[in-house]
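**Student:** Build the 3D model from these lines:
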Amino acid sequence: MRNRKLSLLISALCLGLLFSSCSAAPAGRPETDTVPAQTESGAGTEPATETETEEQPVKNDDSPLALCITEGGVPLDAASVSSRFRAYKELGLTAVRLDLFFTSGSNGKVRLDTSSRNQFRAAGQNGLKLKIILNPGGTGQSDPDSKLRDATGRTALNAVSPWYAGAEAYTESFLRDQLSAVLDEGFGSLIGGIVAGLGPAGEPLYPPAWTQGGGDEVLWCYADNAQADFRRQMEARYKTVQAANEAWSTSYDSFANVTIPKEGTFRGQYLRDVLEWYRDSKRAFMDMQVRVFRRLMDEFGLSDVPLILYLPGADFTEGQWENCIRTGTLTNGIRFMCDNPYTVQLARTYGCLLQYTGITGTEHLRRILTFMHENGYADIPVFGENAGGSRPDAEPGLLRDIILEYKLAGIDYTHCHWLFESDGRTRSALFQSFADIVPDLKTYLDSGTAGTFDPASQAGDAGDPDGDVLSFRLHFSKPEAEPLAFAFATLKRLDFTVRDGDTLEYDVFLSDPMAGLGALDGQFSDGKTLRDNYGLTDTTGLRVHPNADLSRFAYGRWYHRVIRLGNAQNDGQRLTLLQLAAHPEAADGPFTECDVTVCYDNIVICRDGEPVLTVFEDDGDVVPSSVSAARFASGGFTAEPLDTIG
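**Tutor:** Presented below is the predicted three-dimensional model:
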């Protein structure tokens, strides 16, 4: 290589909105906060406990639950269940998670449905424990006051309102009936864990759109009892309507006329008060539910059974929270209030275990584990669950790598239908792939390193640039209310057939600690892109979508990134294009202007550890005229050489 640097200037001006961020964050830090706000690194200050309940130690041995699979999408007749449970035992699994089904007897008493009895019996016959999901917070109720409503008056499905006066009595009655039904059958000894369902699909969220049959994410705080509670809380806070008007820039004549406006029509302190109240209402509801779970488990002699809380596979940062208040534009995670740091504190308060429900979203997973590490919660076991509706996310090798990388307490593979054909008995092609990872998981669990995740351990491999490097300075400008900017630029056109095990490797350097910089994207001959190939990750578990945050590896240093290009999904596909990609987001929320430098070197595709295609290594591989804007919303695009890196 020659000892000079090839540099190009890319200025992408006035880039528009591609899509709204679906990330979410714990709330900001209003005066009423008692839970540490989660920063980009996960840092926070130690909270005061919100209830007078004395913190309980994490209860019970979690090891029987460490190798778990979830029943779902399969027939539940006795023969199918028996066949599957024998297969679980053969695999070396130790637990099965399942939703329970109930019926009412002639006397009105709740009893287990035949399908659930089949599963309990099969578990007993094969020496398996059951992790049962009991979800009073995600069920329908006939009382109109129990309903959540959005701004259009639409009623949420399968959800109980935090503002329902009968919520605690309903929760207790629901759990008492279902626990009695299980124990009356003599199945108590088979319960290895209980998942405390705290909302739709068991997750401690306001109803996400996917639980409501689709549509947009919305706020669910417009029912009469919710509006009335907001008025009471604001009157208690401000004392006089004049003080509220001054804070909100409104002109209400009394608190009786105060309403929660429709999303997008207000911002600032008014929106902050609504969001804090919305968040705190959910927190109080969660606390009540977990408290009732613990009380009834003690009453039914189940004190030694682990109680498990879900951590949804998302988050939001303090910067995003503050930006939403400033602009009036909410992220989806704030709409459904994914408040994972508070759930962690609940786990500490009530001695619960945790289960993260979408571990392939490693950016979010890393943030909550970092929060736990930095705030004294690292001893709470966290099981890892894949997103059950995504085939790429069900790739066993990917899940194993993430569990080992992030030192999780075990796996809960979701759902079993990935391992079986539609008859629920015939083993699918993925069955053997899953069988192959079980010994690795057992070895890891026996090592005693679960729960020892340290963010500092993820420094990544150092890059090794030499001679010419490809250096780009990016300038983005956009309206404040548009949370994302993006640009793609053609790097090289290819005709390369990908094989299982191939890797795309490159060295990258970032001048600024921003997410969404330093990526490569590409396209296959069938039109699919790398960024939307959700099973495609690098060796740290990060997806290849350009919004991934490489800054912890590449900010101020050269980092060698290795992307698992060849997986089962891509084997035999022709890669026809590689692009430089940027999808930046600042640590403190969306920006209006940014100027950053991103440098690349040694871009190669390897097979069996050896380069088989060099994309860029020297200035002769890529020339300025071959780099052109591939996609952006508006504005200009220019490229010109620079003399130095950034």
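**Student:** contacts and neighbour counts: CA atoms only from here.
**Tutor:** Fine.
**Student:** count of neighbours near the closest residue to residue 353 other than its chain neighbours?
**Tutor:** The spatially closest residue to residue 353, leaving aside those adjacent along the chain, is residue 308, at 4.7 Å (C-alpha to C-alpha, 6 or more residues apart in numbering). Each residue near residue 308 was counted by other C-alpha atoms under 10 Å, and the total is 24.
**Student:** what does residue 524 give?
**Tutor:** The number of residues packed around residue 524, counting by other C-alpha under 10 Å, is 20.
**Student:** Excluding residues flanking it in the chain, which one is nearest it?
**Tutor:** Nearest in space to residue 524, with sequence neighbours left out and distances taken as C-alpha to C-alpha, 6+ apart, is residue 575 at 4.4 Å.
**Student:** Let's see the helix or strand encompassing that neighbour as PDB, backbone CA atoms only.
**Tutor:** Using DSSP states H and E, residue 575 sits in strand 574-582. As requested, the backbone C-alpha atoms of strand 574-582 are provided in PDB (Å, rounded to 0.1, in the frame of the first residue of the first chain):
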ATOM      1  CA  ARG A 574     -25.800 -13.600  -4.500                       C
ATOM      2  CA  LEU A 575     -24.500 -10.400  -2.900                       C
ATOM      3  CA  THR A 576     -24.700  -7.700  -5.600                       C
ATOM      4  CA  LEU A 577     -24.000  -4.400  -3.800                       C
ATOM      5  CA  LEU A 578     -22.200  -3.000  -0.800                       C
ATOM      6  CA  GLN A 579     -22.900   0.500   0.500                       C
ATOM      7  CA  LEU A 580     -21.700   2.800   3.100                       C
ATOM      8  CA  ALA A 581     -24.600   3.600   5.500                       C
ATOM      9  CA  ALA A 582     -25.300   6.100   8.100                       C
END
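**Student:** List of residues touching it?
**Tutor:** 486-498, 516-525, 546-547 (C-alpha atoms under 8 Å, 6 or more residues apart in numbering).
**Student:** list the helices and strands whichever strand or helix holds residue 363 packs on?
**Tutor:** If you go by DSSP H and E, residue 363 is part of helix 362-374. Under the contact criterion of 3 or more C-alpha pairs under 8 Å, 6 or more residues apart in numbering; DSSP states H and E, the helices and strands touching helix 362-374 comprise helix 340-350.
**Student:** Export only the CA atoms of the very next helix or strand once past the helix it packs on, formatted as PDB.
**Tutor:** Tracing the chain past helix 340-350, the next element assigned as helix or strand by DSSP H and E is strand 353-356. Listed next in PDB are the C-alpha coordinates belonging to strand 353-356 (Å, rounded to 0.1, in the frame of the first residue of the first chain):
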ATOM      1  CA  LEU A 353     -36.100 -13.300  38.600                       C
ATOM      2  CA  LEU A 354     -36.100 -11.600  35.200                       C
ATOM      3  CA  GLN A 355     -36.600 -12.700  31.700                       C
ATOM      4  CA  TYR A 356     -35.600 -10.500  28.700                       C
END
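**Student:** ok now strand 353-356, how far from the chain's centre?
**Tutor:** Between the mean C-alpha location of strand 353-356 and the chain-wide mean there is a distance of 12 Å, by C-alpha atoms, centre = their mean, to the nearest Å.
**Student:** partners of that strand in the sheet?
**Tutor:** The pairing partners recorded for strand 353-356 under DSSP bridges are strand 307-311 (parallel), strand 382-385 (parallel).
**Student:** what's the most buried one of those strands?
**Tutor:** Comparing the strands paired with strand 353-356 by mean neighbour count (mean count of other C-alpha atoms under 10 Å), strand 382-385 ranks first with a mean of 28.
**Student:** neighbouring strands for the strand holding residue 575, and are they parallel or not?
**Tutor:** Taking DSSP bridges as the criterion, strand 574-582 pairs within the sheet with strand 487-497 (antiparallel), strand 519-524 (antiparallel).
**Student:** and the following helix or strand past the longest one, which residues are buried?
**Tutor:** If I follow you right, that is strand 487-497. On the C-terminal side of strand 487-497, the closest following helix or strand by DSSP H and E is strand 503-510. Neighbour counts using 16 or more other C-alpha atoms under 10 Å place 503-510 of strand 503-510 among the buried residues.
**Student:** per-residue confidence averaged over strand 503-510?
**Tutor:** Mean per-residue pLDDT for strand 503-510: 93.
**Student:** same question, stretch 545-557
**Tutor:** Model confidence over stretch 545-557 averages 87 on the pLDDT scale.
**Student:** How far off centre is that stretch?
**Tutor:** On C-alpha atoms, centre = their mean, the centre of stretch 545-557 falls 19 Å from the chain's centre.
**Student:** And stretch 398-409, by the same measure?
**Tutor:** With C-alpha atoms, centre = their mean as the basis, stretch 398-409 stands 15 Å off its chain's centre.
**Student:** how about the CA coordinates for it, as PDB?
**Tutor:** Output in PDB follows, covering the C-alpha atoms of stretch 398-409 (Å, rounded to 0.1, in the frame of the first residue of the first chain):
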ATOM      1  CA  LEU A 398     -27.300 -16.800  17.300                       C
ATOM      2  CA  LEU A 399     -29.200 -17.200  20.600                       C
ATOM      3  CA  ARG A 400     -26.400 -19.300  22.100                       C
ATOM      4  CA  ASP A 401     -23.800 -16.700  21.200                       C
ATOM      5  CA  ILE A 402     -25.800 -13.800  22.700                       C
ATOM      6  CA  ILE A 403     -26.500 -15.800  25.900                       C
ATOM      7  CA  LEU A 404     -22.800 -16.500  26.300                       C
ATOM      8  CA  GLU A 405     -21.700 -13.000  25.300                       C
ATOM      9  CA  TYR A 406     -24.100 -11.300  27.800                       C
ATOM     10  CA  LYS A 407     -23.800 -13.900  30.600                       C
ATOM     11  CA  LEU A 408     -27.500 -14.600  30.800                       C
ATOM     12  CA  ALA A 409     -28.900 -17.100  33.300                       C
END
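**Student:** can you list contacts of it?
**Tutor:** By C-alpha under 8 Å, 6+ apart, stretch 398-409 touches 62, 66, 359-360, 362, 366, 381-384, 386, 393, 410-411, 437, 440-441, 444-445, 449-453, 535, 540-541.
**Student:** Narrow these to those in helices?
**Tutor:** Helix and strand membership here follows DSSP state H; of the contacts of stretch 398-409, those in helices are 362, 366, 437, 440-441, 444-445.
**Student:** Now do the residue nearest to residue 382 when sequence neighbours are not counted against residue 383, distance only.
**Tutor:** Closest residue to residue 382 in three dimensions, ignoring its sequence neighbours and counting by C-alpha to C-alpha, 6+ apart: residue 354, at 4.7 Å. In this view, residue 354 and residue 383 are 6 Å apart by C-alpha to C-alpha, to the nearest Å.
**Student:** Return every residue with contacts to both of these two.
**Tutor:** Applying C-alpha under 8 Å, 6+ apart, one finds that no residue jointly contacts residue 354 and residue 383.
**Student:** just checking, what's the longest helix in the chain?
**Tutor:** helix 268-299.
**Student:** what packs against that one?
**Tutor:** If contacts are counted by 3+ C-alpha pairs under 8 Å, 6+ apart, helix 268-299 sits against helix 167-184, helix 224-238, helix 241-248, helix 318-327, helix 340-350.
**Student:** switch to 6 Å and redo it
**Tutor:** Contacting helix 268-299 under the criterion 3 or more C-alpha pairs under 6 Å, 6 or more residues apart in numbering; DSSP states H and E are the following elements: helix 318-327.
**Student:** Quick one: distance of whichever helix or strand comes after the helix it packs on to the chain centre.
**Tutor:** Next helix or strand after helix 318-327 toward the C-terminus (DSSP H and E): helix 332-335. Offset of helix 332-335 from its chain centre (C-alpha atoms, centre = their mean): 12 Å.
**Student:** Ok, stretch 370-379 next?
**Tutor:** Taking C-alpha atoms, centre = their mean, one finds stretch 370-379 lying 18 Å from the centre of the chain it belongs to.
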